[in-house]
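A.B. asks: how does the following fold in three dimensions:
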Amino acid sequence: MERQYFIYIMTNKSNTVLYTVVTNDLLRRVYEHKEKLIEGFTKKYNVIKLVYYESFHDIENAILREKQIKGGSRAKKIKLIECMNREWKDLYDGL
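C.D. replies: Have a look, this model is predicted:
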């Protein structure tokens, strides 16, 4: 069975905070953020809305893409999100 990895961007209700990270289980990780099961940044800043994600077949490319996105400006992240999700809807239910 081939592994799958994801980079994803989450935000808060007012879309003011952007959180980008990589995982091998997107559904589980987003659920953990939404339910505030993990202490840290996402719990502190109420990051509960999945607004963007990409999938990869190898962890190296996923990590490279994560670094590329994190290294970009907020404007670039917004443009990336709006290419996939113009209305900033929560994509969690469609996973």
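
A.B. asks: please report the distance of residue 21 from residue 86.
C.D. replies: Residue 21 sits at a distance of 23 Å from residue 86 (criterion: CB to CB, to the nearest Å). The C-beta positions use only the backbone N, C-alpha and C, and glycine is treated the same way.

A.B. asks: wait, I meant residue 44
C.D. replies: 28 Å.

A.B. asks: what number of residues lie near residue 62?
C.D. replies: 20 (other CB atoms under 10 Å).

A.B. asks: repeat that for residue 76.
C.D. replies: By other CB under 10 Å, neighbour count at residue 76 equals 12.

A.B. asks: hey, C-alpha coordinates of the strand or helix carrying it in CSV?
C.D. replies: Counting by DSSP states H and E, the element that carries residue 76 is helix 74-84. Written as CSV, here are the backbone C-alpha positions of helix 74-84 (Å, rounded to 0.1, in the frame of the first residue of the first chain):
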residue,chain,number,x,y,z
ARG,A,74,0.9,36.0,3.5
ALA,A,75,-0.3,37.4,0.2
LYS,A,76,1.1,34.3,-1.7
LYS,A,77,-0.7,32.0,0.8
ILE,A,78,-4.0,33.9,0.3
LYS,A,79,-3.6,33.6,-3.5
LEU,A,80,-2.9,29.9,-3.1
ILE,A,81,-5.9,29.3,-0.9
GLU,A,82,-8.2,31.3,-3.2
CYS,A,83,-7.2,29.3,-6.3
MET,A,84,-8.6,26.2,-4.7
